[in-house]
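In: Let's see this in three dimensions:
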Amino acid sequence: MSVVAFSLVEQHIRTWLQSFIVELNLCPFARPLIADPALRIHVCEANNLEQLHHAFLSELDLVQQSSEGEIATSLLVMPNILQRFEDYLEFLGDAEAMLEELGLDHMIQLASFHPQYLFDGEDKDSASHFSNRSPYPLIHFLREEMVTAALDNVDMPQQIPERNIALLEGMGRETVAARWAALTADEQK
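Out: Have a look, this model is predicted:
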């Protein structure tokens, strides 16, 4: 993938963050970080699992070694690999295991997003799946301390997932799918 293509992938991610995550308020903590240089979006060149494991560990190390002011949070975007959701979930399990093996599972949290994201036990046509859909497979690295501090400033943070489901279901699958189609159509240009 060329440098231009990588910058387009990053722009697609920024558009998704703004038009889905922020505008729909799916994550009440995202708005302040959107324009912050401490939001890192790393478009990974990996074409195979070995390269991806290396990229994951490198990103993990970079986030851990950086201050909050340098990198508050990071998105590892994987446009060339893990297109099948099942493959993505398998890698995510490996990533969580690596985090635990390194003793970083109480410092860094991983949030998962994928174009074909499906919540286990939900109807496959549920609009709720769009809360974790992204234009490309990606893993979001979150600092545990920042998550805890952010949650302390939100009323009933445990209800965020339920609120998102209610919002998306209330909008209706067709409306949400049309919004998603417009977003992904813009990416194809």
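In: Pull the distance from the helix or strand of the chain with the lowest mean pLDDT to the chain's centre.
Out: Between all helices and strands in the chain, the lowest mean by mean pLDDT, DSSP states H and E belongs to helix 144-152, at a mean of 82. Distance of helix 144-152 from the chain centroid (C-alpha atoms, centre = their mean, to the nearest Å) equals 17 Å.
In: Next: stretch 75-87.
Out: If you compare the mean C-alpha spot of stretch 75-87 with that of the full chain, they lie 11 Å apart, counting by C-alpha atoms, centre = their mean.
In: The protein: helices as residue ranges?
Out: Assigned by DSSP state H, the helices in the chain fall at 3-16, 49-65, 85-101, 144-152, 160-171, 173-188.
In: what is the rounded mean pLDDT of the third one?
Out: Within the predicted structure, the mean pLDDT of helix 85-101 is 97.
In: Mean neighbour count added to the helices of the chain, as TSV?
Out: Where C-beta positions appear, they are placed from N, C-alpha and C, glycine not excepted. Conversion of the helices of the chain to TSV gives the following (neighbours: other C-beta atoms under 10 Å):
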stretch	mean neighbour count
helix 3-16	15
helix 49-65	16
helix 85-101	15
helix 144-152	13
helix 160-171	15
helix 173-188	14
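In: now the angle between helix 160-171 and the least confident helix or strand of the chain, please.
Out: Angular relation of helix 144-152 and helix 160-171 on a 0 to 180 degree scale: 60 degrees, by axes from the mean of the first three to the mean of the last three C-alpha atoms, to 10 degrees.
In: begin at 38 from here
Out: Okay, residue one is now 38; in that scheme the one you just asked about reads as helix 181-189.
In: what about residue 114, distance to residue 143?
Out: Distance of residue 114 to residue 143, given as C-beta to C-beta, to the nearest Å: 25 Å.
In: Between those two, point out the one with more neighbours.
Out: A count of neighbours by other C-beta atoms under 10 Å puts residue 114 above the other of residue 114 and residue 143, at 23 against 10.
In: Report the separation between the more buried one and residue 174.
Out: Distance, residue 114 to residue 174, using C-beta to C-beta: 8 Å.
In: now residue 198
Out: Between residue 198 and residue 174 the distance is 20 Å, computed by C-beta to C-beta.
In: Pull the contacting residues for residue 111.
Out: Taking C-beta atoms under 8 Å, 6 or more residues apart in numbering, we find residue 111 in contact with 76-79, 96, 99-100, 177-178.
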